[in-house]
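> Give me a model of this one.
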Amino acid sequence: MKSYIIGALMIVATLLAAGVVNAMTIGTPTLGGSGQERGVTVTSTFTVSDSTLSVNTTASVTFTLTSNSGYSTVFADNNSSSRVINSWDGSQQTFTVRAFVPLNHDAVDGNLNEAALQIGTISNNRDSSTASIQMQAANHLELDKIEVSIGGKTKTLDDGDEFKDVQIGDDMTIEITAENTFDEDDSDGDMTDVEFRAEVDDSDFDVDEDDEVDIDADEKETISFDNLEINEDVSDGNYDLDITVDGTDENGARHGEAATIELNVERESHEISLRSVTLTKSTVSCTDATTDLSVRIANTGKHDEDDVTIAVQNSALGLNQRVTGLSVDEDESTTRTLSLRPKVDKAGSYTLDVIAYWEGSIESDRDTATLTVSDCSSTSGTTGSTTTGSTGGTTPTGSTVVVTQPTTPTQPTGTQGVPRVSVSSKQTDYTVPLLVVGIIVAGIVLVLLVVMLTRGKPQPA
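Numbers count the residues shown, from 1 in each chain. So this is what the prediction gives:
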């Protein structure tokens, strides 16, 4: 029994001793601040106390500073890394530390938050208690502007703001402007390969974009992430869009900023969305009057649908075609092809209305496609031209041949007048042959007259 009591007392004594040992309190000095420039020496104070000491129970305690390379941290009163308190009664004591702010001291932590970073520790030889030494320097890379466009709405947002009423299928654009706030005369202020990043930490939310640019001192640069889409796999709820800009100056100091925008996604109870509308041929004619329209739809609502209709319409082309009775489960998509034979009697460019319905007739979404009808009428060369008057004139192809009488006809002696004929260059010229025939006919007539007259005279006795 006594052994158990002794053991318990020893445990209590140990715990009490531990309490005594850990009664030392050491403050945390923070050197610099959010506006602190680099390359200078700065100071800060901290306090120490020990509740286990008193006037009747004193101790000599040594405090020691350790720090990372380049900071040269010392006690300001003795320019040393150690400081001794003799016969200390545990009452609060204040010390001043001094350190150099190196040119490569980071302005932000691992999450790109402006912060004081630990550069060393304070320890003592009395117990195991320690404290950190921290330093902060100016951040010179800032988010100047965040502009988000979703579903046709554009908002300029700050850290913590919300973009409400985001719909499945909406297109999204994120435009980020960052500013290098170093003075333009600072030779070490330029930043190369500054990373811009936009990310939603959700496997269904397909946004994970980054790009890099250089930003000179006292300059701004803008990066745009385009053609992003809120896809059908995204459920109702709030999503964090993390925007960051991260870079280092020419001395290797890290700068940057982070912001979080909340996207509030709201899915309709019933919704059929048109994902794509594509014509296999965008031009038809009287000799090739058919084309196919491929339509991809997605169920972006909260329920399965079993009576989905796709319609394509244009009254001028005589089109009013439908595919009915389609079943599309939640988060699923399907594609249907409609064969079109529009009217082609009037050339022009026509807009086809493509409409998606749920429950057969309740319109959910619409899109358009452009169909061109080419001119089917034939074209010909110049018509209606004529050539008249002189022989050997030229008439264009398809022109009219005109025969005219000369103004003053010339007739050979003893012959009948023969008309002159004017034709196109593509017709045979019969003028000379007709003249020859006329002369021959006239000669024959004269011979016949002579013979008849001769036969009519009386014969001599």
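> Do you have the strands of the stretch 101-250 of the chain handy? List them.
Using DSSP state E, counting those that start in this stretch, the strands found in the stretch 101-250 of the chain span residues 117-124, 130-136, 141-150, 153-157, 162-166, 171-180, 191-200, 208-215, 220-229, 237-249.
> hey, what's Glu262 bridged with?
Glu162, Asp240 (DSSP bridges).
> which ones are touching it?
Gly160, Asp161, Glu162, Phe163, Asn238, Tyr239, Asp240, Leu241 (CB atoms under 8 Å, 6 or more residues apart in numbering). For glycine as for every other residue, the C-beta is placed from the backbone atoms N, C-alpha and C.
> hang on, the second one packs against Ile261?
Pointing back at Asp161 there. Yes. Counting by CB atoms under 8 Å, Asp161 does reach Ile261; the two are 5.9 Å apart.
> Among those two, which residue is more densely surrounded?
Applying other CB atoms under 10 Å to Asp161 and Ile261 shows that Ile261 carries more neighbours, namely 22 against 14.
> so who does the more buried one touch?
Contacts of Ile261 by CB under 8 Å, 6+ apart are Ile146, Val148, Leu157, Asp159, Asp161, Glu162, Phe163, Asp240, Leu241, Ile243.
> what about burial for the residues you listed, which qualify?
Applying 16 or more other CB atoms under 10 Å to these, the neighbour count classes Ile146, Val148, Leu157, Phe163, Leu241, Ile243 as buried.
> Make sure the second one is actually in contact with Phe163.
Read that as Val148. Yes. At 5.8 Å, Val148 counts as touching Phe163 under the criterion of CB under 8 Å.
> and for the two, which residues touch both?
Lys155, Leu157, Leu241, Ile261.
> SS state for Leu449?
With DSSP: H, G, I helix; E, B strand; the rest coil as the basis, the three-state label of Leu449 is helix.
> heads up, I number from 52, so please use that
Fine by me, first position is 52 from now on; the one you just mentioned is Leu500.
> Return the helix or strand in the protein with minimum mean pLDDT.
Least confident helix or strand, the chain: strand 451-452 with a mean of 33, by mean pLDDT, DSSP states H and E.
> Report the two of the shared contacts of Val199 and Phe214 separated the most.
Lys206 and Leu292 (11.8 Å; CB to CB).
> if I look at these two, which residues touch both of them?
Counting by CB under 8 Å, 6+ apart, the residues touching both Lys206 and Leu292 are Val199, Phe214.
> before we move on, back to that, can you redo the buried ones among the contacts of Ile312 as TSV with pLDDT and distance to Pro393?
As requested, these are exported to TSV (pLDDT from 0 to 100; distance: CB to CB, whole Å):
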residue	pLDDT	distance to Pro393
Ile197	98	47
Val199	98	41
Leu208	98	46
Phe214	97	42
Leu292	97	44
Ile294	98	48
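> Of those residues, which pair is most distant in space?
Within those, two members stand farthest from each other by CB to CB: Phe214 and Ile294, at 12.0 Å.
> And Ser333, how close does it get to Ser425?
Using CB to CB, to the nearest Å, we find Ser333 at a distance of 11 Å from Ser425.
> Excluding residues flanking it in the chain, which one is nearest the residue most central in space within the chain?
Nearest to the geometric centre of the chain sits Asp277, at 1.4 Å (CA atoms, centre = their mean). Once flanking residues are discounted, Asp277 sits nearest to Thr224: 5.1 Å by CB to CB, 6 or more residues apart in numbering.
> Do you have the helices of this structure handy? List them.
53-72, 482-507 (DSSP state H).
> Mean pLDDT lowest where, among the ones you listed?
Between these, the one with the least mean pLDDT is helix 53-72; it has a mean of 46.
> mind checking pLDDT for the closest residue to Thr334 other than its chain neighbours?
Excluding the flanking residues, the one nearest Thr334 by CB to CB, 6+ apart is Thr423, at 4.5 Å. On pLDDT, Thr423 comes in at 96.
> tell me the contacts of Thr423?
Neighbouring residues of Thr423 by CB under 8 Å, 6+ apart: Ser333, Thr334, Val335, Gly399, Ser400, Tyr401.
> Show the buried residues in the residues you listed.
Val335, Tyr401.
> Using CSV, lay out the contacts of Thr423 together with distance to Thr145.
Shown next, in CSV, are those (distance: CB to CB, whole Å):
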residue, distance to Thr145
Ser333, 82
Thr334, 87
Val335, 90
Gly399, 89
Ser400, 84
Tyr401, 86
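> if we take the contacts of Thr423, which one ends up nearest to Thr386?
Nearest to Thr386 among those, with distances taken as CB to CB, is Ser333, at 18.4 Å.
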